[in-house]
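A.B. asks: Curious how this folds, go ahead:
(one chain, ligands or ions: 2)
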Amino acid sequence: MLSRLFLLALALTVKICAAPNPPQTHFRGESVTTAKGSCGACISALEVGKRSSWVSPNIFIRELIMACQRSGQTTPDVCEGLFKEQGPVLAEVIKHMDVTHFDGYLFCASVLGACDYPAIRPFHLEFAKPKPANATLTRPPSGRNFTVVHLSDWHFDPEYTPGSEAACDKPLCCRSDSRSSSTADPPPTNITRPANPWGDYACDAPLSLHESLLSFLANNLTTLPSFAILTGDIPPHNIWQTLPISATHRTEQIAYNLLRRYFGPPDESLLGVPLYPTIGNHEVAPANLYPPHGMENPKLPGGDASWLYNSLAKSWKPWLGGRAANQVMRNGGSYAVKVADKLRLVSLNTNFCYVNNWWLFKDTNDTVGFTPKIPHRSCLVNYPTSITKQDPNNILAWLIHQLQLAEDAGDRVWIIGHHPPGVPDCFHEYSARFSKIVERYAPHVIAGNFMGHTHKDEFEIFYQDGIQDADHAISVAYIAPSVTPYRWTNPGFRYLCFQLVVWISTIVYRCR
Ligand SMILES: [Zn+2]
Ligand SMILES: [Zn+2]
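C.D. replies: Residues are numbered from 1 along each chain as shown. Ligands and ions are numbered 1, 2, ... in the order given. The predicted structure follows:
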């Protein structure tokens, strides 16, 4: 039994907790090519895991910890913390997975790269109205420019310690207990690469880096932005020690206290403009685990994210206002807000497309409806449609609803979210449906999509009817570089210049 679980633990450890040295730029591609032949082994490892978790979730978790420790991929305490935090939900989900059919193949394809993706299941997106025949950009540019700052993947590490070991044996370094993998000597007697006061490529960001960035914004931008967006991931990558919840909550509070010094009403902040945030996979504790409505289990760590939605509603209220802050609480973290004349912003909790959110593998073939916990007129959980678990939390149905409201009002919309559709970390079915929604509402309603998570300076193009040429390009997803240098990237942010109707330019500022 242990040898098959060994495979599972090894693959999971590498996938969600890979060591930062050397750079992992091509990790996923290598994983796919080397592991494709292991599809059968992956499915049978899941079968073993399922049997083990039915016998006892504690035994399942202990076996994963032992297998991880035997693999030597990381240190014993990381293995223990990682599977103690992630294991209970993993055990609960694997118990209810159909491991030899769609669920299992989807898991082995999307998480471990060991199988081909199963075919996309038929799904009917309900649009209230057909796309207007003249759905093009007919209005001339307004001539009035506005600028926006796009920040992403903040990853503030409150434990960052200048002078500590930056080439360490754990997935995240530059902390007081970091020690070199090349020596058994305890710190600080043998530091092979001292952590720089401003950050290191194997570490998350110290407060000094964030303060420096915000101070640059306040003192150097040629035009004050109209507003800023922050596309998720405030806490650091130490995902083996996110509990107790108060630890992750405290990190977020420190970051939001700093952000509120710069963003907010003119007489109460240095920049005097609002910040519109969205939720990343690291905001919750344990990391990545956002249960869809109807699956909550408060007895499990990772079984209830309502503490986070309540906390974010409070932190974001000065920027969003009361109505949108209420939506954050009631709507699983998503909200819609008017940010300028004829311009709306829809912030999506995209963790319901994230492949490391184990909850999404539970009963994925099931078509049981969700019961709204807190009925509310503007909430996605109350949106009347054919509710299936193929659209967890009805997030896409709610997005369609918001876009239709904007179309009816003649407004345009920016969509912000953490996970870009179309990347390997986002489910292929969600990505396909998201593209269909963009095809319906772009370019006349959707003016842009703004994402993060990859930590890279990238963009995606959406095409009408999947025809990939210039005539059929209808929308763009702007994926901002991360503020954290983790892993092996220079910190950066985007400064975007728009008119009401057209995009003009993007400047990417990078530290060198
Ligand atoms: Zn990130
Ligand atoms: Zn992320």
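A.B. asks: use CA for all of it now, contacts and neighbours both
C.D. replies: OK.
A.B. asks: Would you mind confirming that Ala336 makes contact with Leu345?
C.D. replies: Yes - Ala336 is within contact range of Leu345, at 5.7 Å (criterion: C-alpha atoms under 8 Å).
A.B. asks: Find the closest residue to ligand 2 in the stretch 51-200 of the chain.
C.D. replies: Closest contact between the stretch 51-200 of the chain and ligand 2, by C-alpha to the ion, is at Asp153 (6.8 Å).
A.B. asks: Kindly indicate whether that residue is helix, strand or coil.
C.D. replies: Three-state call for Asp153 (DSSP: H, G, I helix; E, B strand; the rest coil): coil.
A.B. asks: Pretty sure it sits against Ile234.
C.D. replies: Yes - applying C-alpha under 8 Å, one finds Asp153 in contact with Ile234, separated by 6.3 Å.
A.B. asks: Show me where the stretch 51-200 of the chain has its strands.
C.D. replies: 145-151 (DSSP state E, counting those that start in this stretch).
A.B. asks: which residue packs closest to Asp465, ignoring adjacent ones?
C.D. replies: Glu439 (7.3 Å; C-alpha to C-alpha, 6 or more residues apart in numbering).
A.B. asks: right, and the one you found touches Gly466 too?
C.D. replies: No - at 9.1 Å, Glu439 does not count as touching Gly466 under the criterion of C-alpha under 8 Å.
A.B. asks: Those two - which one has more neighbours?
C.D. replies: Legend: neighbour count by other C-alpha atoms under 10 Å for Glu439 and Gly466, higher for Glu439 (21 against 12).
A.B. asks: What strand or helix carries the more buried one?
C.D. replies: Using DSSP states H and E, the element containing Glu439 is helix 428-441.
A.B. asks: The next helix or strand after that helix close to ligand 2?
C.D. replies: Per DSSP H and E, helix 428-441 leads on to strand 446-451 as the next helix or strand towards the C-terminus. No - residues of strand 446-451 are not located near ligand 2 by C-alpha under 5 Å from the ion, the shortest gap being 9.9 Å.
A.B. asks: Could you figure out how far strand 446-451 is turned away from strand 145-151?
C.D. replies: Angle, strand 446-451 to strand 145-151, by axes from the mean of the first three to the mean of the last three C-alpha atoms, to 10 degrees: 20 degrees.
A.B. asks: What is strand 446-451 packed up against?
C.D. replies: Here strand 446-451 is seen to pack against strand 412-416, strand 473-479 when contacts are counted using 3 or more C-alpha pairs under 8 Å, 6 or more residues apart in numbering; DSSP states H and E.
A.B. asks: a markdown table for those, including mean neighbour count?
C.D. replies: Output for these, formatted as a markdown table (neighbours: other C-alpha atoms under 10 Å):
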| stretch | mean neighbour count |
| --- | --- |
| strand 412-416 | 24 |
| strand 473-479 | 21 |
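A.B. asks: What residues does the stretch 151-300 of the chain have near ligand 2?
C.D. replies: Asn281.
A.B. asks: Spell out the residue ranges of the helices in the stretch 151-300 of the chain.
C.D. replies: Ranges of helices within the stretch 151-300 of the chain are 207-220, 245-262, based on DSSP state H, counting those that start in this stretch.
A.B. asks: Of all those, which one is nearest Ala473?
C.D. replies: When those are compared by C-alpha to C-alpha, helix 207-220 sits nearest Ala473, at 32.6 Å.
A.B. asks: Residue ranges in the protein under the pLDDT threshold?
C.D. replies: 1-7, 10, 14-37, 137-142, 182-189, 364-389, 500-506, 511-512 (pLDDT under 70).
A.B. asks: residues from it in reach of ligand 1?
C.D. replies: Residues of the chain lying near ligand 1 (C-alpha under 5 Å from the ion): Asp153, His453.
A.B. asks: Domain ranges for the chain, per the record?
C.D. replies: Segmentation of the chain into domains, based on automatic domain parsing, reads 2-110, 145-160+204-510, 161-203.
A.B. asks: now those as JSON lines including distance to Lys129?
C.D. replies: Formatted as JSON lines, these follow (distance: least, C-alpha to C-alpha, whole Å):
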{"stretch": "domain 2-110", "distance to Lys129": "33"}
{"stretch": "domain 145-160+204-510", "distance to Lys129": "8"}
{"stretch": "domain 161-203", "distance to Lys129": "49"}
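A.B. asks: Please identify which of the ones you listed is closest to Glu126.
C.D. replies: Taking those one by one with C-alpha to C-alpha, domain 145-160+204-510 is closest: 7.5 Å.
A.B. asks: sorry, back to before: mean neighbour count for the helices of the stretch 151-300 of the chain - can I get that in TSV?
C.D. replies: Shown next, in TSV, are these (neighbours: other C-alpha under 10 Å):
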stretch	mean neighbour count
helix 207-220	16
helix 245-262	17
